[in-house]
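J.: Dropping the sequence and predicted coords here.
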Amino acid sequence: MATTFLSSASTTSSSSSFFLLRTQSLVYPHRDNAKRLLILSKAASESPQPSLVLSKRSLSISLVTSFVFTLAGKGAFNSNAAILEADDDEELLEKVKKDRKKRLERQGVISSSNKETGYLQEVVYKLSKVGQAIDKNDLSAASSVLGGSTDSDWVKKANLAFTKLSSSPEEKTEVDTFNSSLASLISSITKNDVVSSKTAFVDSASAFEKWTNLTGLVAQLKGL
């Protein structure tokens, strides 16, 4: 009810003011028009512009807030990056320690495996002679070097060395590849198949070379 009264009073007052101005302008048209225009112009120039001030203030607050959050976010990012870096460094250091330990253990095994190293040196010698014979298409000479069977003494000794010195899955895979390729080589030579013999020889020699690199024995063997 009070709101209704104030609204009505405001409306009445506004209507009265407008009526008075209108009446005065009719009575004193020339004198009052100029004065009234001057008053209205002054009032308009002096009236505050809250929307412009507010928008500038809001913009300033927004920029400052964004800057603060950016700094805070950057700080958090740097902190997280530092933590991740520290974790990576620890993991890398741990990996280096494990690799070094494994290398030392492998060197110890190799140093105490002179007999096995001798078996492997015999493999190098056999492959070298077979390669020369196959290159000359002399499969008879190649067969005499290989022994004609995977049950040959040098093959059995080579596998003893492979078993003792192989530790990783990759090394064991190369051993399997070598034995499979060697069987194909012997079979191809027996069939007097020069092309297949050359292919099988390359596969055998490649598998053996990869194995020696993986185990670190490549420096221990001559002729590789």
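T.: Received it, and whenever you're ready, just let me know what you need. This is a predicted model, so every value here is computed, not measured.
J.: how many neighbours does D151 have?
T.: 8 (other CB atoms under 10 Å). In this view, the C-beta of every residue, glycine as well, is placed from N, C-alpha and C.
J.: what pLDDT does it get?
T.: At D151, the pLDDT value in this model is 93.
J.: gap between it and L221?
T.: Note on D151: its distance to L221, by CB to CB, to the nearest Å, is 24 Å.
J.: residue ranges for the strands of this protein, please.
T.: Listed in chain order, the chain contains no strands at all (DSSP state E).
J.: For F208, which residues are in contact?
T.: Counting by CB atoms under 8 Å, 6 or more residues apart in numbering, F208 touches 123-124, 127, 174, 178.
J.: Taking those, please make a ChimeraX selection of just the buried ones.
T.: With 16 or more other CB atoms under 10 Å as the burial test, the buried ones among these are selected in ChimeraX as follows:
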select :123,124,127,174,178
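J.: For the contacts of F208, give me JSON lines that also has pLDDT.
T.: Formatted as JSON lines, the contacts of F208 follow (pLDDT from 0 to 100):
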{"residue": "V123", "pLDDT": "97"}
{"residue": "V124", "pLDDT": "97"}
{"residue": "L127", "pLDDT": "97"}
{"residue": "E174", "pLDDT": "98"}
{"residue": "F178", "pLDDT": "98"}
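J.: out of the contacts of F208, what pair is the most spread apart?
T.: Using CB to CB, the two most remote members of the contacts of F208 are V124 and E174, lying 15.1 Å apart.
J.: now the nearest residue to A161 once chain neighbours are set aside: how far from K157?
T.: Among residues not flanking A161 along the chain, E116 sits closest, at 3.8 Å (CB to CB, 6 or more residues apart in numbering). Per CB to CB, E116 is found 8 Å from K157.
J.: Identify the residues contacting stretch 176-193?
T.: The contact list for stretch 176-193 (CB under 8 Å, 6+ apart) reads 130, 139, 142-143, 146, 148-150, 155, 159, 162, 196-197, 199-201, 203-204, 207-208, 211.
J.: could you dump that stretch to CSV, C-alpha only?
T.: Output of stretch 176-193 as CSV, limited to C-alpha atoms (Å, rounded to 0.1, in the frame of the first residue of the first chain):
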residue,chain,number,x,y,z
ASP,A,176,66.2,-69.4,-31.3
THR,A,177,66.6,-67.5,-34.6
PHE,A,178,70.2,-68.7,-34.9
ASN,A,179,69.3,-72.4,-34.3
SER,A,180,66.3,-72.2,-36.7
SER,A,181,68.4,-70.6,-39.4
LEU,A,182,71.2,-73.0,-38.9
ALA,A,183,68.9,-75.9,-39.4
SER,A,184,67.6,-74.4,-42.6
LEU,A,185,71.2,-73.8,-43.7
ILE,A,186,72.2,-77.4,-43.2
SER,A,187,69.0,-78.6,-45.0
SER,A,188,69.6,-76.3,-47.9
ILE,A,189,73.2,-77.4,-48.3
THR,A,190,72.2,-81.0,-48.2
LYS,A,191,69.6,-80.4,-51.0
ASN,A,192,72.3,-78.5,-52.9
ASP,A,193,70.2,-75.4,-53.0
